[in-house]
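Novice: the following comprises the amino acid sequence and a computationally predicted model.
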Amino acid sequence: MAFARLLGGFMVLVAAASGPAFAAPDAPKSKDHPLLTRYPNSHIAEYERNYNAVEFAVGAAAGEPKRKAVEGDATVIRYFHDDPQKQPSPLQVIRNYQNAIKSIGGEVVYERLPREGDGGETTLKVNTGGKEVWVRVEPEIFSAPAQSYRLQIVEVAAMQQVVSANKLLDELNRNGFIALYINFDTGKWDLKADGQATVREIVAALKSAPALKVAIEGHTDNVGQAAANKSLSEKRARSVMAAIVAGGIDAKRLSAAGFGQERPVADNRSEEGRAKNRRVELVRK
């Protein structure tokens, strides 16, 4: 039996009891995906990771799965169960991964339940760590005792906005503010590569307009506690400000504040709306 838990920001499947004494070794240079790991008492038999397009079932038409191609960083792993006495049913595998994804805010897009000779299939989707992630789980049934399943995971690059310095200045002069969608890991405020690229454009804009002063405002969606979101948004705003100062801008021209979930610009009931609310704004002072 297995249960799901959140560990270090990632959902993993964890064994309730220790595995068999003689588990088969994993395939060379293979590893579990950091988002979802293996069902207990199994090993990696096949592993591939590259940029690719994977077909995901998103519905059904005339009794056949209707599929959608999703491109991105694709990981394909085939797991084999080591212990015939503890091997799960195909439905157990499907439900475990569905529950794991749902517990971190994801959704079940499609499922085809197992039937004789067919282990079924499910498509899952979640937005986490600044990325849209698609998951396809396919239990496989063979005549041999060792049942297997295939896990396909595609990480789609999140919305990235690296504006030019000229556009940034134009927006500030025309509207008085500009919203920047800088990606942070969940619960973190350290700038990632795309965020650093955005900061370089901010620095360039401020250097070209020496009289310009801006407030840096952090905003979040409504997932989590309001107080924690406000604190997190302030830390993110201060992180951006510190990076701008490190780029050569006088701190006296800047200020930083966090508003958490207090000022949404879109509907928090959808992931698209929540993504728009997770932003950093530059406001002309």
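Specialist: Here it is on my side, so go on. Only a predicted model underlies this, so the values are computations on that prediction, with no experimental measurement involved.

Novice: which residue ranges of the stretch 51-200 of the chain form strands?
Specialist: Under the criterion DSSP state E, counting those that start in this stretch, the stretch 51-200 of the chain contains strands at 64-81, 107-112, 121-128, 131-140, 148-156, 177-180.

Novice: just the helices in this protein please.
Specialist: For the chain, applying DSSP state H gives helices covering 90-102, 165-175, 193-208, 226-246, 271-277.

Novice: go through those helices and name the closest to A60.
Specialist: Closest of the helices of the chain to A60 is helix 90-102, at 16.1 Å (criterion: Cβ to Cβ). To be clear about C-beta, it is placed using only N, CA and C from the backbone, and glycine gets the same treatment.

Novice: show me the contact partners of the closest one.
Specialist: The contact list for helix 90-102 (Cβ atoms under 8 Å, 6 or more residues apart in numbering) reads 2, 4, 11-13, 36, 39, 88, 107-108, 111, 113-114, 119-122, 124-126, 135, 137, 139, 141, 147, 149, 151.

Novice: quick one: it to strand 148-156, angle?
Specialist: Put simply, helix 90-102 runs at 20 degrees to strand 148-156, going by axes from the mean of the first three to the mean of the last three Cα atoms, to 10 degrees.

Novice: enumerate the positions of helix 90-102 that are buried.
Specialist: By neighbour count on 16 or more other Cβ atoms under 10 Å, the buried set for helix 90-102 is P90, V93, I94, R95, N96, Y97, Q98, A100, I101.

Novice: and the gap between the last one and A227?
Specialist: Using Cβ to Cβ, to the nearest Å, I101 is found at 27 Å from A227.

Novice: same deal with the first one?
Specialist: When distances are taken as Cβ to Cβ, P90 and A227 turn out to be 44 Å apart.

Novice: before we move on, what about I153?
Specialist: In this view, I153 and A227 are 34 Å apart by Cβ to Cβ.

Novice: neighbour count: these two, which is higher?
Specialist: Taking other Cβ atoms under 10 Å, I153 and A227 do not tie; I153 has more neighbours (22 against 9).

Novice: show me the contacts for the more buried one.
Specialist: Counting by Cβ under 8 Å, 6+ apart, I153 makes contact with H33, L35, L36, A74, T75, V76, V133, W134, V135, R136.

Novice: least confident secondary structure element in the protein?
Specialist: Across the helices and strands of the chain, mean confidence by mean pLDDT, DSSP states H and E is lowest for strand 2-7: a mean of 38.

Novice: now H219. Nearest residue, chain neighbours left out?
Specialist: Counting by Cβ to Cβ, 6 or more residues apart in numbering, R279 is the residue found nearest to H219 once chain neighbours are left out, at 5.1 Å.

Novice: what's the distance between the one you found and E71?
Specialist: Using Cβ to Cβ, we find R279 at a distance of 25 Å from E71.

Novice: ok, the two, which is more surrounded?
Specialist: R279 (22 against 12).

Novice: quick check, pLDDT for the more buried one.
Specialist: If you check R279, the pLDDT there is 92.

Novice: wait, it sits on A179?
Specialist: Yes. R279 lies in contact with A179 (Cβ atoms under 8 Å); the separation is 4.7 Å.

Novice: what is in contact with these two at once?
Specialist: Jointly contacting R279 and A179 under the rule Cβ under 8 Å, 6+ apart are V265.

Novice: in the stretch 1-150 of the chain, which segments are predicted with low confidence?
Specialist: Along the stretch 1-150 of the chain, the model assigns pLDDT under 70 to residues 1-22, 129-130, 142-146.

Novice: please list all residues in contact with A27.
Specialist: Contacts for A27 (Cβ under 8 Å, 6+ apart) come out as I44, A45, E46, Y47.

Novice: name the member of these with the most neighbours.
Specialist: With neighbours defined as other Cβ under 10 Å, the most crowded of the contacts of A27 is I44; it has 20 neighbours.
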